[in-house]
Every structure is written in C-alpha cells, then in structure tokens.
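1. no sequence on hand, only this structure:
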Ligand SMILES: [Zn+2]
C-alpha cells in the first residue's frame, strides 16, 4: 500500500502490525551520465517493488528525497540537508506513523551519506518507543555477499554512479542514463590502504573526503561495466532480501 494513495477511512482500517517503510534518499550529482535524482529513484523503485510484491502487507511512506550530501556540494545541482534537519524530518515521519498506531518500521536508505544519521535515528527511536520495532537497511549492505559475484569491476568499482547504480537505472529507467557520457573509472585520487572502500567492501578506518577529492568527474567506480541485465539481477536480489526483512517485522 502507498500511504499517499489511500483515503483516510481506508487508512483507518489498516492492520497496525503492518510494517511501515520509510524510503530515504538524496538529490545530488551522479557523475556525467546519471540524473541528480538517482538515489531517490532507486529508493522509490525498491519501495514500489516491495509494494507490488507484498500488497496489503506493507505500507510505504512518502520518500524523504533530500538527504545529507554536504560532501557533494562542490558539484552543480546537489542539494543537502544538515544532519540535524535530516534526522528531525525522518524522526517526525516515523513518529507521525507511530501516533497512528503503527509499531513496525523499516527505514530504506539509498545514500551512503545518510548512514550515520540513520544509525542515530535507529538508536534514538528504538529507545524512545519500546513497543515498536525499527530496522534500517541500506540496500547494498542488505545483500553484500549475494551481490559480490555480479561485481566485474573489482575493488573500488562500486561506489557512486558506479557499476551497480548505473545498472539499476539501465534496468528500470533506461531513458535517464546518458549512455554516451559513461566513461571509464574515475578514481583519480587513492589515499590510504586502510581508507579505501566501496559499496561491497567497507573500509577498516573511516577517512573524510569530499566527493571532489575522491573523483574529479563525480563518478566513483566503474560504470563501463554496467548493464540492464545486471541491474535486474541486483534488483531481484535486493528485493528478495528486503521482502524478507519486512515479512519478519510483521511477525511481532
Ligand atoms: Zn547514488
């Protein structure tokens, strides 16, 4: 079910054990070949897939489209909220749902820069509302091991506007991909062995770098290895995993 499409009386009749999904994303540069809305599109695609699969067993909130993207502001078009504003907006979406009696929540995150705030949100909301369950999923972390065999570009190839994000958009929004602008790997500025990471391989130690320090063209990884078929494979794996999480949350 989509929160916004229901009438108020229809809404009133929903089983309050139904898990509520909050998609959170970003509107920021995604290199020369993907739109600014990439993370929002990915978050909403996964939410729509959950809705299609689970029907009345899931309830999808409106997306928090703009996230924490200060590290992308050197690039034209990026938007950002402060950590405090983003946390506050997400918390108030969740508490609105909690006030309507819902108790099972999944925050579905599509942007790396939101991870820290989402973890704080999880800990604060979970402690404040003992009767509730809250879970946070960043889509790539949910299924890292299952996604690894799809990765052709190797370490550093799946970061941002990369092999995986580009594949997903080729799968579900092919017209939004500027195919002639897809270039080779643009990891221009490696740093320390312990700080290097990508979506599938977390770093051992976190090191702050702005996106411009990681990649001059704003793409981090290797989008030349992207394909629509790979995007469908990624989507199937992620949707299976997220569907399992939502089904488990519904049991309480
Ligand atoms: Zn992205």
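-> Received it, and whenever you're ready, just let me know what you need. These numbers were taken from a predicted model, which means no experiment stands behind them. Residues are numbered from 1 along each chain as shown.
2. can you give me the neighbour number for the residue in the stretch 151-252 of the chain positioned nearest to the ion?
-> Residue nearest to the ion within the stretch 151-252 of the chain: residue 165 (5.0 Å; CB to the ion). C-beta here means a position set from N, CA and C on the backbone, and glycine is covered the same way. Using other CB atoms under 10 Å, residue 165 has 29 neighbouring residues.
3. I'd say it and residue 30 touch.
-> Yes - counting by CB atoms under 8 Å, residue 30 is a contact partner of residue 165 at 7.0 Å.
4. quickly list what's touching both of these two.
-> residue 38 (CB atoms under 8 Å, 6 or more residues apart in numbering).
5. could you pull out the strands for the chain?
-> 20-24, 59-60, 104-109, 133-138, 158-160, 220-221 (DSSP state E).
6. tell me which of those strands sits nearest to the ion.
-> Per CB to the ion, nearest to the ion of the strands of the chain: strand 158-160, 5.4 Å.
7. got a list of what the residue lying closest to residue 131 once chain neighbours are set aside touches?
-> In space, residue 131 comes closest to residue 103 once its chain neighbours are excluded; the distance is 5.6 Å by CB to CB, 6 or more residues apart in numbering. Applying CB under 8 Å, 6+ apart, one finds that residue 103 lies in contact with 16, 17, 129, 131, 132, 133, 252.
8. mind doing that once more with 7 Å?
-> Neighbour list for residue 103: 16, 131, 132, 133 [criterion: CB atoms under 7 Å, 6 or more residues apart in numbering].
9. ok, now residue 63?
-> 23, 25, 40, 43, 44.
10. just the residues you listed: which are in helices?
-> In helices, defined here by DSSP state H, the members of the contacts of residue 63 are 40, 43, 44.
11. can you get me a residue count around the closest residue to the first one other than its chain neighbours?
-> Of all residues beyond its chain neighbours, the one nearest residue 40 is residue 25 (4.0 Å), with distances taken as CB to CB, 6+ apart. Residues contacting residue 25 under the criterion other CB under 10 Å number 25.
12. quick one: pLDDT of residue 25?
-> Residue 25 is assigned 98 on the pLDDT scale.
13. alright, that wraps it up for me.
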